[in-house]
Structure formats: structure tokens, C-alpha cells
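>>> Predicted coordinates and the sequence they were generated for:
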Amino acid sequence: MAEIALTKVSDADDASVDAFGREHNEKLQTAGRQLISALYMLLRSVKMYDPDNAVFEKPLAQLQETMNGIIQKDGKLELMGVKQSFYLNGMLIKVDMAALENVRTLLDEMRNKDVGGITMMRSVTVPELKNFIWIFSKEQNDDVDETGVDGKRLVAMQLAKWSKIKDKLENEKDESEAKLDRKKYAMTCYGRAVLFVRKYFDSLRKEKPIASHKVLRVLQDLVDISMDHRTHFLGLTTTQSDSEYLAYHSVNTALMTVVFGHECGLTKPQLRDLSYIALFHDAGMGALSDNLLSKRGALTVEERNEINRAPLISIRNILQERQINRATLLRLVTTFEHKSEYGTAVRDAQGNIQMIIPKASLGLYAKLISISATYDALTSKRPFRDAYGPEVALMLMWTEMRNKFDPELLKVFMRVMAIQPIKVLTKRQQSVTIGML
């Protein structure tokens, strides 16, 4: 069995990063607060005095020193107003409560002139800063573009138009809300599928099975979401209750198989059929008693025989539901084949698999369901064992259980689950020999 090495992430890797991904820098924070304070005072003063007035000499010199200091340290100065805050070079400038009103006033003044931010890649002069604050004077009513206004152009400074930033923010908000809505709907569909499977298993125990095709609408919705939002599913596939393992296992297998099949290039109609078959791949187990399904310890011969009859119950239920057609035959064959092993393992003296000799050709649907169902079973808690972690589960599937699965499809599944074989195998086990007929 392969050894698994766990690596601890060092504390040094846990940097303090804000929502924009910029690491916190106290010196830049201080410079940012000075910059915002200076701009607020200047824009307020320019309402009363001409920029050439002597009252601006010292404040403009201080602003020049602050701006050029930021450029010298960071190589640029990018001040952007986002919502009710300022970001300097991608970092949120944090101000105390007393300064919040000044920040709001400064943002309003800038946005009234369609100025959403400032970008500078080189040092600025005092005359250019005068041209900048002139934009906000009472006498100035001209349209402002990226280089200021006519007659008082900016050279080192470039302005970002607030109207463009606002549109971008609105679009991002709409996209975020749409993603959130899709995630909520994915969770709703997941819940509906679990509820249906519960009712279906209850009906089997009462020997009055309900029609399984009633769940097709839910499955179609899940397929539609999976085409663009597969991560919604991979985050949902987790058993919520030990006592209801079978219902969650059925839905989890269907969801993972949809994402898996999509990665393999199946069409939407094919994915719908695949998810339908996967949802009821082990439906015969639903007819068994809860005591048997949750039993700890060894099974009796009678109990083992009862479990072995479960696949036949699944097939019987399919035959009783609808007329025999091509789709029904596909369900029958897949339900039977997914229990079959892919090949025969050839082992060495130590018991390690050295080669796999494929058996009779199995259908693609059966091979996809077999991998998905096994992975979910291994990563779920059972009465007789705790759940395996994803890496351990895939390692077991790739080593001790490798003859059960199509190795090429198992590699694809590892990619879908964002776990690569190299992460869970020793160097000796990272090469595999597949026997050919």
C-alpha cells in the first residue's frame, strides 16, 4: 500500500491579504491616509480659492511629496474609489470613524466630475497638481476626460472615468448575483433529488414503487447547471446523515457522473440518460431493511445473500416500470455491468498488481458509474468505518482496487476532482502497465 506524506503549511505562508489580494502594508496604509486627507482639504479649498492662491503652496508641496513617495516605493500610484472606500495600488485604505465622512465627501466630489480614480507611473509636478484640483473648482464646468480639461491638461496623471468604473461594478454585481442564484438553485435541485429518492426507496419497501421517470425534470435541471457550474456539484456531494446514506449516495453518484461524463464529452441528452441510470444504479438496496444496511460487524450467510440479490431487484424494478425499448435496455445493461470488474489483476509475489488483463468490453456508462459510485462510497462514513479522505480514496482505487476500473477513465476522474495520481502515489506506483487482449 502506498505511503501518504502530509505536509503542514508554514505560518509564513498565511499572509494577511485583503479582498483584492494585496498584502497589508502599514507604510502604504499611512501614505494612503495622508493622500486622501490632502485631497479632501484641497478639493474643499478650491471651492473658495483659485489654485494659484498662496494658500495652496504648502498643501500642494506636501501632496507632491506623498504621491512621488508612493511611486518611488511601489513603482506606480493607482487610487480608485470603489463603493464607499478608496483602494491604493490594490489595497483597501482603512480610515477611522472620524474620517469616514471626509472619505464620502471626497468620493462624491470626484464622482460629480466623473472622476473615479487616478493613475500615475511617474513623478508629478506642482503645476500639474494645480491643473488637477482646478477640475473641482466652481468655475470649471467643462467635460473631464482621462487627461483633464482643455487648457489644463495632465501629463503624469491619468484619470479613470467614474461612469466606466460604475458600469463595470454593476456588471460584476449582476454576474455575482447570477452565480449566487445558480448555486442556490443547484442546492435546491440537489435537495429535490434526495427527497425523491427517499420516497422511491420507501415505496420499494412497501412494494408499491413509484414511477422513477418523475425525477427526470430535476435531473435535466442539474445537467443544465453542470455545463457551466460544475463546482456547485462537487461541493454538494457529501452525505448529510448516516441513517440516510443510500439516498445521498445515489444522488451523489448521479451528480459526480454528470460532471465526469461532461468531461468525457457526452452531450446533454446523454448526460440526462446517464444521470437517470446512475441515480438508480443501486436502487435494489433501497428495498432492504435499515437494520441490514446499518449493521456493524460480519453479515450472516442469509444477510449476504439478501444483499447479493439487490442488483436483481434493481433490474426487476426497471422491467416493471415501462415498456422495453432501447433506453430501457441501456438501463438494464448498465445497471448490471457497473458491478463488473474492468479486468483481472496479475500480481507479483508480494501481492502488488503488476498488470491488468481487461475482461469483456464494458459500456462507457457502466464504467463511469462504477468509478463515481466507488469514490462516493469510500469518502462517506459508514457504520463499520469512518470516511476516507479524497486522496486516500483515490489512492486505494488506483492501487489495491485498480483492476475494477478503466485506468484511462480513472485518470480523467482524478482530473475532474482536481486530484492528480502523482499526489497520492509513490514514485514506484506512478507507472502502470496495462495488459492488452
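Yes, it's here.

>>> Surely Ser361 is within a strand?
No - assigned with DSSP: H, G, I helix; E, B strand; the rest coil, Ser361 falls outside any strand and is coil.

>>> ranges for the strands of the chain?
For the chain, strands defined by DSSP state E occupy the ranges 77-82, 85-88, 91-92, 115-120, 148-149, 152-153, 157-161, 343-347, 353-358.

>>> Give the other helices and strands that the third one contacts.
This means strand 91-92. Applying 3 or more CB pairs under 8 Å, 6 or more residues apart in numbering; DSSP states H and E, one finds that strand 91-92 contacts helix 26-45. Just so you know, the C-beta spots here come from the backbone N, C-alpha and C atoms, and that holds for glycine as well.

>>> what's the burial count for Gly351?
Residues within reach of Gly351, counting by other CB atoms under 10 Å, total 9.

>>> who are the neighbours in contact with the nearest residue to Lys367 once chain neighbours are set aside?
Of all residues beyond its chain neighbours, the one nearest Lys367 is Asp406 (4.7 Å), with distances taken as CB to CB, 6 or more residues apart in numbering. Taking CB atoms under 8 Å, 6 or more residues apart in numbering as the criterion, Asp406 is in contact with Tyr342, Leu362, Lys367, Ile371.

>>> pLDDT wise, what is Asp406 at?
In this prediction, Asp406 carries a pLDDT score of 91.

>>> what about it, distance to Phe336?
17 Å (CB to CB, to the nearest Å).

>>> still on that earlier bit, take the strands of the chain and write them to a markdown table, including distance to Met48.
Shown next, in a markdown table, are these (distance: least, CB to CB, whole Å):
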| stretch | distance to Met48 |
| --- | --- |
| strand 77-82 | 23 |
| strand 85-88 | 24 |
| strand 91-92 | 31 |
| strand 115-120 | 20 |
| strand 148-149 | 20 |
| strand 152-153 | 19 |
| strand 157-161 | 23 |
| strand 343-347 | 87 |
| strand 353-358 | 85 |
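
>>> Mind putting these into JSON lines with mean pLDDT and distance to Asp52?
Listed next are the strands of the chain as JSON lines, based on pLDDT from 0 to 100; distance: least, CB to CB, whole Å:
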{"stretch": "strand 77-82", "mean pLDDT": "91", "distance to Asp52": "24"}
{"stretch": "strand 85-88", "mean pLDDT": "91", "distance to Asp52": "28"}
{"stretch": "strand 91-92", "mean pLDDT": "88", "distance to Asp52": "34"}
{"stretch": "strand 115-120", "mean pLDDT": "92", "distance to Asp52": "21"}
{"stretch": "strand 148-149", "mean pLDDT": "89", "distance to Asp52": "16"}
{"stretch": "strand 152-153", "mean pLDDT": "90", "distance to Asp52": "12"}
{"stretch": "strand 157-161", "mean pLDDT": "91", "distance to Asp52": "18"}
{"stretch": "strand 343-347", "mean pLDDT": "82", "distance to Asp52": "87"}
{"stretch": "strand 353-358", "mean pLDDT": "79", "distance to Asp52": "85"}
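
>>> Figure out which of those is closest to Ala99.
strand 85-88 (10.9 Å; CB to CB).

>>> Pull the residues that contact that closest one.
Contacts for strand 85-88 (CB under 8 Å, 6+ apart): 20, 28, 31-32, 35-36, 70, 77-81, 92-93, 103, 107.

>>> Leu154: which of those is nearest?
Leu77 (13.1 Å).

>>> what's across from the closest one in the sheet?
Residues in a beta bridge with Leu77, per DSSP bridges, are Met120.

>>> these two touch, right, it and Thr66?
No - counting by CB atoms under 8 Å, Leu77 does not reach Thr66; the two are 9.3 Å apart.

>>> Neighbour count: the two, which is higher?
A count of neighbours by other CB under 10 Å puts Leu77 above the other of Leu77 and Thr66, at 27 against 20.

>>> Around the spatially closest residue to Ala247 that is not a sequence neighbour, count how many other residues there are.
Nearest residue to Ala247, sequence neighbours excluded (CB to CB, 6+ apart): Val197, at 4.5 Å. Val197 has 24 neighbouring residues, counting by other CB under 10 Å.

>>> Against Tyr190, how distant is Val197?
Counting by CB to CB, the separation of Val197 from Tyr190 is 11 Å.

>>> Spell out which residues are contacts of both of the two.
Shared contacts of Val197 and Tyr190, counting by CB under 8 Å, 6+ apart, come down to Val251.

>>> The residue lying closest to Ile70 once chain neighbours are set aside: what's it in contact with?
Distances taken as CB to CB, 6+ apart put Leu77 closest to Ile70, at 4.7 Å, once the chain neighbours are dropped. Each residue near Leu77 by CB under 8 Å, 6+ apart is listed here: Met67, Ile70, Ile71, Leu88, Asn89, Ile118, Thr119, Met120.

>>> Which of those residues sits closest to Ala278?
The shortest gap between Ala278 and any of the contacts of Leu77 belongs to Asn89, at 49.8 Å (CB to CB).

>>> No further queries at this time; thank you.
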